[in-house]
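# Kindly return the folded structure for what I paste below:
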Amino acid sequence: MGRVWSVDAIAKNASTSIYGAMVALDESPLQEGLLYVGTDDGLIRVSANAGESWTRIESFSAVPDMSLVEDLIASSHDAQVAYAVIDNHKRGDHKPYVLKSSNQGASWGLINKGLPERGSAHAIVEDPVDPKLLYLGTEFGLFFSQDGGRSWHEFSDLPTIAVRDLEFQKREDDLIIGTFGLGIYILDDVSPLRSSAEDLSKAATLFAPRDSWIYLPDNRRGWGGKGDYGVDRYVAENPPYGAVFSYYLPEEILSLKKQRQKAEKELAEKGGNNPYPEWDALRQEDREEEPVIMLTVTDSAGNVIRRVSGPTAKGFHRVAWDLRYPAPDPISIAEEPEFSPWESPPAGPLAVPGEYQVRLSQRVLGVWQDLSGPQGFNLKPMFTGGLVADDQQARLRFELEAAELFRAVSGADRAAGEMASQLDHLLAALQETPAAVEAPAQQARALKTRLQDLQVLLNGDSTVSSRYEPVPLSLTGRIGYISGGYWDSQSRVPQGYRDSLAIANTDYTTAVQQLQQIAADVTALGEEAEALGAPWTPGRLPALRQ
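Okay, here's the model as predicted:
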């Protein structure tokens, strides 16, 4: 604290060791017996003969003597190279001191350009693949260097917290980050950082995805997060499930409106006047479809499996594909479709192990353009044998067949619902039409009865089921049980499911034939209502006036 204190100061020497302590120790993975030791009183010792003799380094250029050598690592790429981080915060000095040796510790030089002046360095680790890629934990966050320490960049998404330890999970290319106070963080798949900054500044870049494991994630009761386990149980988020695609955009993809507003902002900052746009230009802005980024997944035969949208902002982004084909459910364009806590979002059949590719593209002003790729990756089974069928292609064929029927049945059910609404509107309109006689209204009522009979086949007999009596399985119920009961499985398709799908196909043929005839009759009735001058109703186009 800037002065020598009295011998009577409280606990003056109670917590101070009178001995130096070895804090950091590492052995070269490339040269057996090459040891590095760092101490809490500013010394680094090096032994090239497994500790039989040691070289002592007492001072380092631009580093205060007696500083704590907090971490030391020997390079896994070059036996001559080692790194050290030194902490002098106990003397009120919070500068990060990061050192590199290229001669087995005989001399050391600072490599801290680009690091903040304040923020002691605590831990350093070398990328296991790229010798120029380094990761540094400091008092105020995590930094990385892509050029061997000549410059450093901050990871902006990590909380401002002391990073005290760094380790690699080499199989998955994950960086494990140990912090002081906020637990452990895992940076999934650091491989995109192995691309140079120069490459990223030129064009949109899709990085090679790592291979992904196929498995069925556990669904907690209540679906998502802790489910119904209560607030007292601690949980941390899992990494995104599925194949994760990483890409970089050097600039944001701007809509016409955003382009105009950006130009106007630049003019305003210079004190200039903003030109008022032409009406046609504003009309084009109002009608423009928002720009999109799309990641297209294809199988080894080039068949499109799934399209996944991604952010259009400048910078680095990650998007996960859930390893499933598109859901066969009817489309909803609501921004956030509502689901009950016990209901899973729509999902399609699960993909099979094998080789896949992904391509990065954009659609701007209605024009599709490929930006980067394709990049190949593999889907690998996490489990084999037991409940996981050997023939996954047979499982997928069944699910795709069931998905197609699910799509058709769901469409027929929605169409029947829309037709019921059309008939209700027609009945109300005919009642308000002076020229209408009773016959058209009776036709509408007859059509409504036929539609209600069809609804029994589609959705079951509500007259009976609402009174808690058993009814035959409906068409939507049958196909729903097939998708809900089997699609979260990788097992061999049970014969009961195959039989149920055959029954559903037969029932669908009957239902859609009836639906098509009712639809034709509803269209004819709508034309008759139009001729009688009935108010407009849904599903009807006004006729030309004579």
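
# Remind me what the longest helix along the chain packs against, helices and strands.
Criterion DSSP state H: the longest helix present in the chain is helix 392-431. Secondary-structure packing of helix 392-431 (3 or more C-beta pairs under 8 Å, 6 or more residues apart in numbering; DSSP states H and E): helix 438-459, helix 475-486, helix 495-531. The C-beta positions use only the backbone N, C-alpha and C, and glycine is treated the same way.

# Tell me which of those helices sits nearest to Asp8.
helix 475-486 (77.1 Å; C-beta to C-beta).

# buried stuff in the closest one?
Within helix 475-486, the residues scored as buried using 16 or more other C-beta atoms under 10 Å are Leu475, Thr476, Arg478, Ile479, Gly480, Ile482, Ser483, Tyr486.

# and what of stretch 153-161?
Within stretch 153-161, the residues that count as buried by 16+ other C-beta under 10 Å are Glu154, Phe155, Leu158, Ile161.

# Give me the pLDDT value at the nearest residue to Tyr486 once chain neighbours are set aside.
Spatially, and ignoring its direct neighbours in sequence, Tyr486 is nearest to Tyr497 (5.5 Å; C-beta to C-beta, 6 or more residues apart in numbering). Looking at Tyr497, its pLDDT reads 92.

# and this structure, what are its domains?
Using automatic domain parsing, the domain ranges for the chain come out as 22-194, 243-253+291-381, 392-531.

# Format these as TSV; extra columns: distance to Ile10.
Shown next, in TSV, are the domains of the chain (distance: least, C-beta to C-beta, whole Å):
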stretch	distance to Ile10
domain 22-194	18
domain 243-253+291-381	51
domain 392-531	64
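
# On the C-terminal side of the helix or strand of the chain with the lowest mean pLDDT, identify the next helix or strand.
Ranking every helix and strand in the chain by mean pLDDT, DSSP states H and E puts helix 197-200 at the bottom, with a mean of 61. Using DSSP states H and E, the helix or strand that follows helix 197-200 in sequence is strand 205-206.

# Give the partner strands of that next one in its sheet and their orientations.
Here strand 205-206 has these sheet partners by DSSP bridges: strand 243-249 (antiparallel).

# Can you tell me what sits against the partner strand?
Residues from elsewhere that reach strand 243-249 (C-beta atoms under 8 Å, 6 or more residues apart in numbering): 188-189, 192, 200, 204-207, 209-210, 212, 293, 295, 297, 308, 310, 312-321, 323, 356, 358, 360, 372, 377, 379.

# Filter the residues you listed down to just the ones in strands.
Among the contacts of strand 243-249, the members found in strands (DSSP state E) are 205-206, 212, 293, 295, 297, 308, 310, 315-321, 356, 358, 360, 372, 377, 379.

# List the buried residues of stretch 440-448.
Residues of stretch 440-448 classed as buried by neighbour count (16+ other C-beta under 10 Å): Pro440, Ala441, Gln443, Ala444, Leu447, Lys448.

# same check, this time on stretch 139-150
So stretch 139-150, judged by 16+ other C-beta under 10 Å, has buried residues Glu139, Phe140, Gly141, Leu142, Phe143, Phe144, Ser145, Gln146, Gly148, Gly149.

# List just the nearest of those to Arg171.
Phe144 (20.5 Å).

# hang on, the closest one is in a helix, isn't it?
No: looking at Phe144 with DSSP: H, G, I helix; E, B strand; the rest coil, it is strand, so not inside a helix.

# Is it bridged to anything, and to what?
With DSSP bridges as the rule, Phe144 is bridged to Tyr135, His153.

# pretty sure it is touching Phe155, no?
Yes: contact criterion C-beta atoms under 8 Å: Phe144 and Phe155 qualify, at 6.7 Å.

# Quickly note the distance from Tyr215 to Val98.
Using C-beta to C-beta, to the nearest Å, one obtains 40 Å as the distance from Tyr215 to Val98.

# now do Ala21
21 Å.

# list the contacts for Gly354?
By C-beta under 8 Å, 6+ apart, Gly354 lies in contact with Asp299, Ser300, Asn378, Leu379.

# what's the burial count for the second one?
Which is Ser300. For Ser300, the neighbour count with other C-beta atoms under 10 Å is 10.

# partners of the closest residue to it other than its chain neighbours in the sheet?
Distances taken as C-beta to C-beta, 6+ apart put Glu355 closest to Ser300, at 4.5 Å, once the chain neighbours are dropped. When assigned by DSSP bridges, Glu355 has beta-bridge partners Asn378.

# so what's Glu355 up against?
By C-beta under 8 Å, 6+ apart, the residues touching Glu355 are Asp299, Ser300, Gly376, Phe377, Asn378.

# try Lys170
Contact analysis of Lys170 by C-beta under 8 Å, 6+ apart lists Pro128.

# got it, and Val81?
Applying C-beta under 8 Å, 6+ apart, we find Val81 in contact with Ala74, Ser75, Lys100, Ser101, Ser102, Pro131.

# The residue lying closest to the last one once chain neighbours are set aside: neighbour count?
It stands for Pro131. Computed as C-beta to C-beta, 6+ apart, the closest residue to Pro131 that is not its neighbour in sequence is His77, at 3.7 Å. With neighbours defined by other C-beta under 10 Å, the count for His77 comes to 15.

# Next one: His77 from Ala441, what distance?
85 Å.

# where do the strands sit along the stretch 101-250 of the chain?
109-110, 121-126, 134-138, 141-145, 153-154, 163-169, 174-179, 184-187, 205-206, 212-214, 243-249 (DSSP state E, counting those that start in this stretch).

# Can you tell me which of these is packed in deepest?
Among these, strand 134-138 has the highest mean neighbour count (mean count of other C-beta atoms under 10 Å), at a mean of 26.

# can you list the residues that contact that strand?
So strand 134-138 is contacted by 83, 85, 96, 98, 115-116, 119-127, 142-145, 148-149, 152, 162-166, 175, 177-178 (C-beta under 8 Å, 6+ apart).

# Quick one: closest of the strands of the stretch 101-250 of the chain to Ser465.
Closest of the strands of the stretch 101-250 of the chain to Ser465 is strand 212-214, at 38.2 Å (criterion: C-beta to C-beta).

# Tell me the gap between that closest one and the middle of its chain.
Distance, stretch centre to chain centre, for strand 212-214: 14 Å (C-alpha atoms, centre = their mean, to the nearest Å).

# by contact count, what packs against it?
For strand 212-214, the packing partners by 3+ C-beta pairs under 8 Å, 6+ apart are strand 367-381.

# coming back round to it: could you export the contacts of Val81 as TSV, including distance to Gly92 and neighbour count?
Formatted as TSV, the contacts of Val81 follow (distance: C-beta to C-beta, whole Å; neighbours: other C-beta atoms under 10 Å):
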residue	distance to Gly92	neighbour count
Ala74	31	24
Ser75	32	19
Lys100	26	19
Ser101	27	23
Ser102	31	15
Pro131	35	14
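
# Determine which two of those residues are furthest apart.
Spanning the widest gap among the contacts of Val81 are Ser101 and Pro131, at 14.2 Å by C-beta to C-beta.

# does Ser500 really touch Ile482, like I thought?
Yes: contact criterion C-beta under 8 Å: Ser500 and Ile482 qualify, at 6.0 Å.

# what's the overlap in contacts for those two?
With contacts defined as C-beta under 8 Å, 6+ apart, no residue is shared by Ser500 and Ile482.

# Out of the domains of the chain, flag the one nearest Tyr229.
Nearest of these (C-beta to C-beta): domain 243-253+291-381, 13.0 Å.

# What's the mean pLDDT across that closest one?
pLDDT averaged over domain 243-253+291-381 gives 91.
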